[in-house]
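S.K.: coords please:
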Amino acid sequence: MGRISSFTGVSKYMNETKSLLCLLLLLCTLHSGCAVLGSKEAAAGCQVADVATTHYALHHNPNAVEQNGIPVPALDVIKLALAAYIKYGIKEEEWNESWIGLRIFITAVGCGAAINNIKVGNQKP
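M.R.: As a prediction, the model looks like this:
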């Protein structure tokens, strides 16, 4: 992965701004509670965000690598199929009756990876 560079001047200001925005997003998410994190839309959206940000990181940072053992094209198909299945293949009632912990886990894995991908993509090689 890319190395972490020191921040000075404008870069330091931008980094602090990004940190504050991430904190604000986290607080809003926590405030909205498990209902949002466990929603079909959040789960599917985070899987798509993971795919998009993986390509962002691989394109913007030559030192970035996919650490999953699955080749990137195959992983794209799997994640996009999972997102489509969550969004269109599962009835809302079935989704809402499933265990909330599993729903939140699916969302957290996708969005957590997306956040890390953005961080890696923004690192200087």
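
S.K.: Now do the SS call for residue 70.
M.R.: Here residue 70 is coil, with the state taken from DSSP: H, G, I helix; E, B strand; the rest coil.

S.K.: Just give me the neighbour total for the closest residue to residue 46 other than its chain neighbours.
M.R.: The shortest distance from residue 46 to any non-neighbouring residue, by Cβ to Cβ, 6 or more residues apart in numbering, is to residue 110 (3.0 Å). The C-beta positions use only the backbone N, C-alpha and C, and glycine is treated the same way. Neighbour count of residue 110, defined by other Cβ atoms under 10 Å: 25.

S.K.: what does residue 114 give?
M.R.: Neighbours of residue 114 (other Cβ under 10 Å): 22.

S.K.: Excluding chain neighbours, what is closest to it?
M.R.: residue 49 is the one closest to residue 114 (Cβ to Cβ, 6+ apart), at 4.0 Å.

S.K.: buried set for the helix or strand harbouring that neighbour?
M.R.: Assigning secondary structure by DSSP states H and E places residue 49 in helix 40-60. By neighbour count with 16 or more other Cβ atoms under 10 Å, helix 40-60 contains the buried residues 40, 42-51, 53-54, 56-58, 60.

S.K.: Could you list the low-pLDDT ranges of this protein?
M.R.: 1-35 (pLDDT under 70).

S.K.: where along it do the helices fall?
M.R.: Using DSSP state H, the helices of the chain run over 9-32, 34-37, 40-60, 72-84, 92-97, 100-122.

S.K.: right, so the ones you listed: which one is the most enclosed?
M.R.: helix 40-60 (a mean of 20; mean count of other Cβ atoms under 10 Å).

S.K.: got a list of contacts for that helix?
M.R.: 36, 64-66, 72, 75-76, 79-80, 82-84, 86-87, 90, 92, 95, 103, 106-111, 113-114, 117-118, 120-122 (Cβ atoms under 8 Å, 6 or more residues apart in numbering).
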